[in-house]
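# I'd like to go over a predicted model; first the sequence, then the structure.
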Amino acid sequence: MILPCNCPSCGKQLKVKSLVCESCSTEVTGLYELPLLARLSPADQDFIIKFVKSSGSLKEMAKELSLSYPTVRNLLNNIILKMTENEK
Amino acid sequence: MKNNSSIIRFFINPFEKIAGGNALFIGLIMMAATSFTGSIAGVAFDGVVDVHLYFHSFLYGITVQVVSWIVLVLISWIAAKAVRAGQFRLVDLAGTLAFAEMPFFFLAFTGFVPAFRRIADLSSINLSAIFLFALVTLVFIGLSLYWMYRAFAVSTNLTKPVHIITFVITLFIAEAAAFGINQLVVKEALGNPQKEIRTQDPLTEQEEKALARTKEITGFFAENDINESITSLFNDEMLAQLPVKDLESTWNGLQKQFGRFQGFEDDTSVSTKGELVVTETTAKFERISFVLQLTFDKNTNISGLHVKPKLF
């Protein structure tokens, strides 16, 4: 199940209100910011996972995704920009 | 269905899939093929998005095309740095811009179409041929221009709408620079490519005689020897309008205004217009070059003499 990042009603960023332990049923409630990576779209998160698995090699990524090197680099640059904006 | 959408996606943005060394390799091969075809068909790509119809050597064709591409890459690189693009590889920019010239290969074949050749020779004014040639040229140059923009955008990641303006300005500057270098440097180094006659068909007897007469006359002008030897080649109407004294006075007047006559270029072209044969030769003066146009009647006598400034 994919973690939703944005409100389906108004589109604003969601925050975490409750976490549950499946082992002992402890529930932790509060109001927590989503981790930086979790705030990215599923496609961007998937890209980052593949990037890490490729040991940070854009050339490897390009081969795996069947895209050109500058296209992959541009995707990475765009994710970096989004993360920078989210950090603010 | 999947294949069709892949082909469409490729045309919309080929550089999503291909860039860097691969694009450069393919681009350079296609440039060579374009220049080769163009040298046979008489189609030259002597600017960034320029296409002209004249016969030339393969060496000249490939040189002007490569020079134009290098200038475009350099100016694009400078422009991208000027608008603070992030890190990008020169090989991606060079490769994708080389690949983007691929549509010119198909344009090179237009020189084989007789109707299009006649537009260049000015031996007939066929509006349908002109319209069709303009349309074909627009399609392929349009595609190439679009791919050049995609090449610039993908290689430098300058994809905001304002960067279209950056690209357009880059294109204008590159076109002017490439054209200037090709006209002033390449032509000087390799010689004027338009030495050959601009018609694909073999010369008629009348055209051969006209060329011989032209050589005779330009010889007299080159020696500043304006006398009846020239006007003896005029027909009666021409002689009545331009006797020797007036011809001498006109020639001296040109030198007074535009500097000393420096010689004729070895670029005489010939074309037939009905019963008349027209030759054109470039005459260089100190401050300007003129085209000396001689019109010969069916008896190979001169029925017209015009001098017009040479624009290119």
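Done, it's in.
# could you pull up phi and psi at the residue in chain B positioned nearest to chain A?
Closest contact between chain B and chain A, by Cβ to the nearest Cβ, is at B:Ala19 (3.7 Å). C-beta: built from backbone N, CA, C; applies to glycine. Dihedral angles of B:Ala19 (phi, psi; degrees, to the nearest 10) stand at phi -160, psi -170.
# shouldn't it be in contact with A:Tyr69?
Yes: counting by Cβ atoms under 8 Å, B:Ala19 does reach A:Tyr69; the two are 5.8 Å apart.
# give me the common contacts of those two.
Here B:Ala19 and A:Tyr69 have B:Asp92 as joint contacts, going by Cβ atoms under 8 Å, 6 or more residues apart in numbering or on different chains.
# okay, now the residue in chain A that chain B sits nearest to: neighbour count?
Per Cβ to the nearest Cβ, A:Ser68 is where chain A lies closest to chain B, at 3.7 Å. By the criterion of other Cβ atoms under 10 Å in any protein chain shown, A:Ser68 has 25 neighbours.
# do the same with the one 4 residues further on
Here the number of neighbours of A:Val72 (other Cβ under 10 Å) works out to 25.
# need the pLDDT of B:Asp201.
If you check B:Asp201, the pLDDT there is 59.
# quick one on the thing from earlier: give the contact list for the residue of chain A closest to chain B.
Counting by Cβ under 8 Å, 6+ apart, A:Ser68 has contacts A:62, B:15-20, B:23, B:92, B:154.
# of all those, which comes closest to B:Asn227?
B:Ala23 (62.9 Å; Cβ to Cβ).
# which residue is the nearest non-sequential neighbour of the closest one?
Take B:Ala23 and drop its neighbours on the chain: the residue closest to it by Cβ to Cβ, 6 or more residues apart in numbering or on different chains is B:Gly95, 3.5 Å away.
# surely the one you found is in contact with B:Gly21?
Yes: here B:Gly95 reaches B:Gly21: they are 6.4 Å apart, a contact under Cβ under 8 Å.
# with neighbour numbers in mind, choose between the two.
Using other Cβ under 10 Å, the more surrounded residue of B:Gly95 and B:Gly21 is B:Gly95, with 29 against 13.
# list the contacts of the strand or helix carrying that one.
Following DSSP states H and E, one finds B:Gly95 within helix B:90-99. Helix B:90-99 is contacted by residues A:68-70, B:14-15, B:18-28, B:30-31, B:69, B:72-73, B:76-77, B:80, B:147-148, B:150-152, B:154-156 when judged by Cβ under 8 Å, 6+ apart.
# mind giving me the PyMOL select for those residues, buried ones only?
Buried residues within the contacts of helix B:90-99, by 16 or more other Cβ atoms under 10 Å in any protein chain shown, are selected in PyMOL with:
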select buried, (chain A and resi 68+69+70) or (chain B and resi 14+15+18+19+20+23+24+26+27+28+30+31+69+72+73+76+77+80+147+148+150+151+152+154+155+156)
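# show only the entries of the contacts of helix B:90-99 found in strands.
Assigned to strands by DSSP state E, none of these qualify.
# from the contacts of helix B:90-99, which land in helices?
A:69-70, B:20-28, B:30-31, B:69, B:72-73, B:76-77, B:80, B:147-148, B:150-152, B:154-156 (DSSP state H).
# enumerate the residues of chain A near chain B.
Within reach of chain B by Cβ under 8 Å from any Cβ of the partner chain, chain A has these residues: A:66-71, A:73-74, A:77.
# can you list those residues in a markdown table and add distance to B:Lys160 and pLDDT?
As requested, those are arranged in a markdown table below (distance: Cβ to Cβ, whole Å; pLDDT from 0 to 100):
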| residue | distance to B:Lys160 | pLDDT |
| --- | --- | --- |
| A:Ser66 | 26 | 92 |
| A:Leu67 | 21 | 94 |
| A:Ser68 | 20 | 95 |
| A:Tyr69 | 21 | 95 |
| A:Pro70 | 16 | 95 |
| A:Thr71 | 17 | 95 |
| A:Arg73 | 17 | 94 |
| A:Asn74 | 13 | 94 |
| A:Asn77 | 13 | 92 |
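# confirm B:Thr63 sits in a helix?
Yes: membership of B:Thr63 in a helix is supported by DSSP: H, G, I helix; E, B strand; the rest coil.
# which ones are touching it?
B:186, B:190 are the contacts of B:Thr63 under Cβ under 8 Å, 6+ apart.
# so for it, what's the pLDDT?
Looking at B:Thr63, the pLDDT reads 93.
# do the one 10 residues further on as well
With respect to pLDDT, B:Val73 has a value of 97.
# quick check: bridge partners of the most centrally placed residue in chain B?
Among the residues of chain B, B:His52 comes closest to the average C-alpha position under Cα atoms, centre = their mean, at 3.8 Å. Beta-bridge partners for B:His52, by DSSP bridges, are B:Ala44.
# who in the stretch 151-300 of chain B is up against chain A?
So the stretch 151-300 of chain B meets chain A at B:154-155, B:157, B:159 (Cβ under 8 Å from any Cβ).
# B:Val291 against B:Lys310, yeah?
Yes: shown here, B:Val291 and B:Lys310 form a contact pair, counting by Cβ under 8 Å, at 5.1 Å.
# now do the shared contacts for these two.
The contact sets of B:Val291 and B:Lys310 overlap at B:Thr282 (Cβ under 8 Å, 6+ apart).
# which residues in the chain form strands?
Using chain A. A:15-20, A:27-33.
# sorry, should have said chain B
Along chain B, counting by DSSP E, strands occupy B:43-44, B:52-53, B:261-264, B:269-273, B:276-285, B:289-296, B:302-309.
# most packed of those strands?
Highest mean neighbour count of the strands of chain B: strand B:43-44, a mean of 26 (counted as mean count of other Cβ atoms under 10 Å in any protein chain shown).
# hmm, who's touching it?
Against strand B:43-44 from outside (Cβ under 8 Å, 6+ apart): B:37-38, B:51-54, B:56, B:60-61, B:64, B:107-108, B:110-111, B:193.
# what's around residue 85, how many residues?
With no chain named, the answer covers chain A. The burial count for A:Glu85: 9, using other Cβ under 10 Å.
# my question was about chain B
B:Ala85: 18 surrounding residues under other Cβ under 10 Å.
# the closest residue to it other than its chain neighbours and B:Ala222, how far apart?
Using Cβ to Cβ, 6+ apart and skipping the chain neighbours, the partner closest in space to B:Ala85 is B:Thr156 (4.3 Å). Computed as Cβ to Cβ, to the nearest Å, the B:Thr156 to B:Ala222 distance reads 53 Å.
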